[in-house]
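> Just need the structure, nothing else, for what follows:
(one chain, ligands or ions: 1)
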Amino acid sequence: MTIENISVNKSFGGWHKQYTHQSESLNCAMRFAIYLPPQASNGQKVPVLYWLSGLTCTDENFMQKAGVQAIAAELGIAIVAPDTSPRGEDVADDDGYDLGQGAGFYVNATQAPWSRHYQMYDYVVNELPRLIESMFPVSDKRSIAGHSMGGHGALVIAMRNAASYQSVSAFSPISNPVNCPWGKKALTAYLGRDTNNWAEYDASLLMRKATEFVPALVDQGEGDNFLVEQLKPEMLQAAAKASGYPLTLNMHDGYDHSYYFIASFIEQHMRFHASHLRD
Ligand SMILES: N[C@@H](CCC(=O)N[C@@H](CS)C(=O)NCC(=O)O)C(=O)O
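Just a heads-up that it's a prediction; the model follows:
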């Protein structure tokens, strides 16, 4: 396994670094970013929060806009942010911003032409943590979080791999993708028309039947343009009620879908994860 460092920036006493590597699951070169807090330079193995971004994003949006480094440095938590899809000239793409490159939806595609590269579920669940835990001074204590499409990814991945994550959080997640335009478009393309094959990638359906629980925190702005048609947090809330899932859903007056919202509440999410990563 080789990785190539492409940038290094000191931040709050720790280091923000970007790397590229040849991904086995995605069958192409991938980029990810890691923030290593100061504690990681002192011989300590630190826990990791994986961050999954939303539509149109790369590894950079969260690291540049959320203001997470100060609190990650205080709490001694590393942050890993992968890109949101496979990339490259020979990787299938679509003209829409909500399908193809920048829109991998954290699924394992089964349909041509997507299945050759679009295996983001495997990449995030298996390949990336293996790589991170073998190459960096981190422990195997993991939490996962994300925004919008990445909030969907984080919730699905945590619920399907409950033993691997201490906690999960999401900003403005696509909560019920089988039932909204973004989700229907992507799941049809990546998984085919048989909706039975979509259920394993739907946070609300998974939460409703869950028997193993990963503590979950979700924040949602009430001024979010995508709230009613695409995000549907009420479906997640109803599912949590049905299964007794430990979900805290906070609605916030006036906040929209942007990183201004994420930056406003990222400290609370980091403290939530820190309390579970310490257990
Ligand atoms: N481009 C789309 C929406 C894309 C969008 O809002 N992307 C969110 C995630 S779903 C994002 O994080 N964008 C990048 C950013 O704000 O840095 C539109 O304008 O309708």
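> Point out the residues in the stretch 51-200 of the chain that sit beside the ligand.
Residues of the stretch 51-200 of the chain lying close to the ligand (CB under 6 Å from any ligand atom) are 54-57, 61, 65, 97, 147-149. C-betas here are computed from N, CA, C, even on glycine.
> Not counting sequence-adjacent ones, nearest residue to residue 267?
residue 71 (4.9 Å; CB to CB, 6 or more residues apart in numbering).
> Verify the stated contact: the one you found with residue 272.
No. Using CB atoms under 8 Å as the test, residue 71 is too far from residue 272 to be in contact (11.2 Å).
> Report the closest residue of this protein relative to the ligand.
residue 54 (2.6 Å; CB to the nearest ligand atom).
> Surely that residue is in a strand?
No. With DSSP: H, G, I helix; E, B strand; the rest coil as the criterion, residue 54 is assigned coil and is not in a strand.
> right, and it touches residue 97 too?
No. Because the distance of 10.5 Å does not satisfy CB under 8 Å, residue 54 is recorded as not touching residue 97.
> who's more crowded, those two?
For residue 54 versus residue 97, neighbours defined as other CB atoms under 10 Å are more numerous around residue 54 (27 against 11).
> Could you measure from the nearest residue to residue 242 once chain neighbours are set aside over to residue 241?
The shortest distance from residue 242 to any residue other than its chain neighbours is 5.1 Å, reached at residue 208 (CB to CB, 6+ apart). Counting by CB to CB, to the nearest Å, the separation of residue 208 from residue 241 is 9 Å.
> The two: who's more crowded?
Counted by other CB under 10 Å, residue 208 and residue 241 do not tie: residue 208 has more neighbours, with 17 against 12.
> if I pick the more buried one, what's in contact with it?
Taking CB atoms under 8 Å, 6 or more residues apart in numbering as the contact definition, residue 208 lies against 238-239, 242-243.
> can you give me the strands for the chain?
Along the chain, the segments classed as strands by DSSP state E run 3-11, 14-23, 28-36, 46-52, 78-82, 138-147, 168-171, 216-221, 247-252.
> which of the ones you listed is buried the deepest?
Per residue and on average, the most neighbours among those fall to strand 168-171, with a mean of 29 (mean count of other CB atoms under 10 Å).
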